[in-house]
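[1] Following is a predicted model, sequence given first.
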Amino acid sequence: MSVLKVTESVCPVCLTKIPATIVSHNRSISLQKTCPIHGTFDSPYWDDLEHYLWCNQFSKPGTPRGRQTVIETGCPSDCGLCPSHQQHTCLAILDVTDRCNLSCHYCFASSTTTGADRTLEDIHAMYQTVRQSEREPTPIQLSGGEPTLRRDLPQIIEMGDTYGFSHIEVNTNGLLIAQHEHLIKDLKTAGMSCLYLQFDGVTPDVYTAIRGMDLLDLKMKTIRHCREHQVPVVLVPTIVNGVNDHQLGEIIHFALANNDVIRGISIQPVSQMGRYQPGSHISLAGVVKRIAQQTTFLTMYDFYPIPCPSPHCSNISLLINDGDNIVPITRLIDADTYLNDVYTALKASTLVDMLIDGANSEIAEDIVCSCGLTIPGAVKKILDHTLFITMMGFMDAYTMDLQRLAKCCIHVATSERQLIPFCAYNLTNTQGSYLYRQTRDATARKQ
């Protein structure tokens, strides 16, 4: 056994901060920690030692900005953001409702049909918090719960536009959009940039296992409506070991076959947050290993860690699809160029817009040409035939590394004028109690 890192974590039972070590054993990696009250935990952390070490080269210093709290007891209890946080907000999430029209077996928000909506005043405060912290437009994701249950969702999108947010995506299961085509038109007219669509696989059994019912036909109908109204779609698979991890390759092939409307895939291996069924852990190394096994054109190392957060939090690749060949752009850009040219040249909002709808092609052209590809004037055409794949390895109470958390760049905006790192906001103990997230029942709120 070899110690790779000394850090701090939390006890999965009481969420108390405790010392932790990340160790390798037989080329796999685990996170070990001991709570004085609840004992020792040895949790799977990374599936491949070589890949874990390779990721380390993609680390970059953060760019902290706004601060809303002071340091009292330290991470993870002083969010947010406190002065020790090392990164600004690359994506801000606004939970506009706790209500949902599904009761999925896996739900980090533990959403129910009786959840409460945030008031418009609350949502104004959330937008203001992000703008005041960042001082410039940041990509916004409207989430929940199920945002499309709100009849005033177009108004909420328009509200974001008044604050100067140019990229606003809606995180949705797509059920209402499948049933009411006018909804996608209304959301686009209001200024929605893309649909962030829950999409767990290409067969009915996957949805029955994860969502409690067969939703495949409704997902396909939602995608058809988006195509008809020219709304870009990002597929969001929740990957559960032994349930749909064997369909990663098929999801990628499906997206490539529908690349006219599907602009990307955001893969999220399930974390033990909120409502979940215990199962074996899949790290990002496990995800890329399965993708390499299930496709003929990708390897584990075609996915570069995103350097804004910890290099073990997320991966990205951009597939150039000319109809005959599929080439990951990471094979054309070495790690040094990627770190020091590409990410230095782009703001988060520019990158997101460019990947999803081909915007900012002049900036993209400068980057591509600086990488040694002499194709002036052709970047827009290339962007129209690309598929980006990202993956996020969210930490739970078993895998929480507080050094990673301090560099988180995906933040949940609250009406209390705070920005809280996603993994802290949704951190759940073994009894289902959250550290931060306060889901509210609609009936209780009326009392």
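    Received, thanks.

[2] how far out from the middle of the chain is stretch 329-338?
    22 Å (CA atoms, centre = their mean, to the nearest Å).

[3] so who does the residue nearest to Ala109 when sequence neighbours are not counted touch?
    Spatial nearest neighbour of Ala109, chain neighbours left out: Gly274 (5.7 Å); criterion: CB to CB, 6 or more residues apart in numbering. Bear in mind the C-beta positions are built from the backbone N, C-alpha and C, glycine included. Listed by CB atoms under 8 Å, 6 or more residues apart in numbering, the contact partners of Gly274 are Cys107, Phe108, Ala109, Ser110, Asn426, Thr428, Gly432, Tyr434, Arg437.

[4] go on, Leu153?
    Val96, Leu142, Pro147, Val170, Leu187, Ala190.

[5] ok, now Met300?
    Asp48, His51, Ala285, Val288, Lys289, Ile291, Ala292.

[6] and the fourth one, that one's in a helix?
    Yes. Secondary structure assignment places Val288 in a helix (DSSP: H, G, I helix; E, B strand; the rest coil).

[7] Surely it and Asn315 touch.
    Yes. Using CB atoms under 8 Å, Val288 is in contact with Asn315, at 6.6 Å.

[8] Spit out the residues that contact the two alike.
    Phe303, Met391.

[9] any idea how far the closest residue to Trp54 other than its chain neighbours is from Thr40?
    Computed as CB to CB, 6+ apart, the closest residue to Trp54 that is not its neighbour in sequence is Tyr301, at 6.9 Å. For Tyr301, the distance to Thr40 equals 34 Å [CB to CB, to the nearest Å].

[10] same deal with Leu91?
    Leu91 is 35 Å from Thr40, by CB to CB.

[11] between those two, who's got more neighbours?
    Leu91 (20 against 8; other CB atoms under 10 Å).

[12] Dig out what that one forms beta bridges with.
    Ile410 (DSSP bridges).

[13] Who are the contact partners of the residue nearest to Trp54?
    Taking CB under 8 Å, 6+ apart as the test, what Tyr301 contacts is His51, Trp54, Thr330.

[14] Relative to Gly160, which of these is nearest.
    Thr330 (32.0 Å; CB to CB).

[15] Make sure the closest one is indeed in a strand.
    No. Under the criterion used here (three-state DSSP), Thr330 is helix, not part of a strand.

[16] Just the pLDDT at the residue nearest to Asn429 when sequence neighbours are not counted, thanks.
    Closest residue to Asn429 apart from its sequence neighbours, by CB to CB, 6+ apart: Leu15 at 5.2 Å. pLDDT recorded at Leu15 is 96.

[17] likewise Glu136?
    So Glu136 comes in at 78 (pLDDT).
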